[in-house]
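S.K.: 3D model of this:
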Amino acid sequence: MKRTTVGIREAKANLSRLLKDVQKGAEILLTDRGRPIGKIVPVNLNNLSLKQRINALERNGAIETAKDTSKVLSPLSVEKDIAQKILLEDRES
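M.R.: Residues are numbered from 1 along each chain as shown. Model (predicted):
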């Protein structure tokens, strides 16, 4: 994981760029006159809902939303929250 040290003035001037780096997994250590005072870190995706995780993946460019949803097939019967269960099983293995 990339770690960057940034002074307060630089952080204020470049906040958008720094936040994009954080979305990609970087940690930003904030300093005031060379002394560490805080840290900007990515949100732990395990604490997010499935929808929030999907949105994060879309923001990071890892996945794209379907352009033409008319071709997306829906299962006839799907157990509620099956996607969450599959993700949990995958993490446990």
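
S.K.: and Leu50, how many neighbours?
M.R.: By the measure other CB atoms under 10 Å, the count of residues near Leu50 is 11. Bear in mind the C-beta positions are built from the backbone N, C-alpha and C, glycine included.

S.K.: so it makes contact with Gln84?
M.R.: Yes: proximity of Leu50 to Gln84 meets the contact threshold set by CB atoms under 8 Å, at 5.6 Å.

S.K.: what are the buried residues along the worst-scoring helix or strand of the chain on mean pLDDT?
M.R.: When the helices and strands of the chain are scored by mean pLDDT, DSSP states H and E, helix 82-92 comes last with a mean of 78. Using 16 or more other CB atoms under 10 Å as the test for burial, helix 82-92 gives no buried residues.

S.K.: can you check stretch 22-37 too?
M.R.: Buried, per 16+ other CB under 10 Å, within stretch 22-37: Val22, Ala26, Ile28, Leu30.

S.K.: before we move on, what about stretch 51-59?
M.R.: Ala56.

S.K.: need the pLDDT of the most centrally placed residue in the chain.
M.R.: For the chain, Ala56 is the residue whose C-alpha lies nearest the centre (CA atoms, centre = their mean; 4.3 Å). pLDDT for Ala56: 79.
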